[in-house]
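Undergrad: Can you look at this prediction? I've put the sequence above it.
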Amino acid sequence: MDCVFCNIIRHELPAEVLYENEKVIAILDINPIHFGHALVIPKKHCRDFLSIPEDDLHDVLHATQILARAIVEGFHLDGFNIFSNNGRVAGQAVFHFHMHITPRYPNDNIRFVLQLKSYEDGMLAEVGARIREQIQHHLTDKES
């Protein structure tokens, strides 16, 4: 497997390591949105958010909070974004799950251009039912 993040985790590729423990590594993004943009990466290779084991996700989220606090305090920020791109259509470029933390500044001209939709009559309940059905399906599978 030729995964750039796995190579960084094994210290076979250089990276500016910000934090590391037995489960997680955090590095500066080499193509940052703003300086201080960090990536939090589980050491266990998993493709995306849906494939990371629950225990590893907990470790990633805990490290994300540690890093976010350090970035906020280090850059005296009023805000930041945390996100993860999952799937090519969502902008995922490295197919090893990771979280982004990026500083935000007033008038930094970063915008999420959205075209918000409205649910038509009855559609809100239909969409809710579809999602609840899948939740129940996955919870039942997990218990089996």
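TA: Nice, thanks for sending it over. Numbering: from 1, shown residues only.
Undergrad: All the helices of this protein, residue numbers only.
TA: 4-9, 54-75, 123-143 (DSSP state H).
Undergrad: And those, which one averages the lowest pLDDT?
TA: Lowest mean pLDDT within the helices of the chain: helix 123-143, a mean of 91.
Undergrad: most distant residue from the middle of this structure?
TA: The outermost residue of the chain, judged against the average C-alpha position, is D121 (33.9 Å), by C-alpha atoms, centre = their mean.
Undergrad: Can you check the pLDDT for that one?
TA: D121 carries a pLDDT score of 93 in this model.
Undergrad: I82 versus D56, what's the distance?
TA: 17 Å (C-beta to C-beta, to the nearest Å). No exception for glycine: its C-beta is placed from N, CA and C like everyone else's.
Undergrad: what's the answer for Y119, then?
TA: Per C-beta to C-beta, Y119 is found 27 Å from I82.
Undergrad: So the two - more neighbours on which side?
TA: The neighbour comparison of Y119 against I82 (other C-beta atoms under 10 Å) goes to I82, with 14 against 11.
Undergrad: got the contact list for that one?
TA: 64, 68, 99-101 (C-beta atoms under 8 Å, 6 or more residues apart in numbering).
Undergrad: quick one: it from H100, how far?
TA: 7 Å.
Undergrad: Could you identify the pair within the contacts of I82 that is furthest apart?
TA: Spanning the widest gap among those are A68 and H100, at 10.6 Å by C-beta to C-beta.
Undergrad: To what extent is S84 buried, counted in neighbours?
TA: S84: 18 neighbours (other C-beta under 10 Å).
Undergrad: Isn't it up against C46?
TA: No: S84 lies out of contact with C46 (C-beta atoms under 8 Å); the separation is 11.7 Å.
Undergrad: Next, show the common contact partners of these two.
TA: By the contact definition C-beta under 8 Å, 6+ apart, S84 and C46 are jointly contacted by F97.
Undergrad: List the buried residues in stretch 3-10.
TA: Residues 5-6, 8-9 are the ones in stretch 3-10 that count as buried (16 or more other C-beta atoms under 10 Å).
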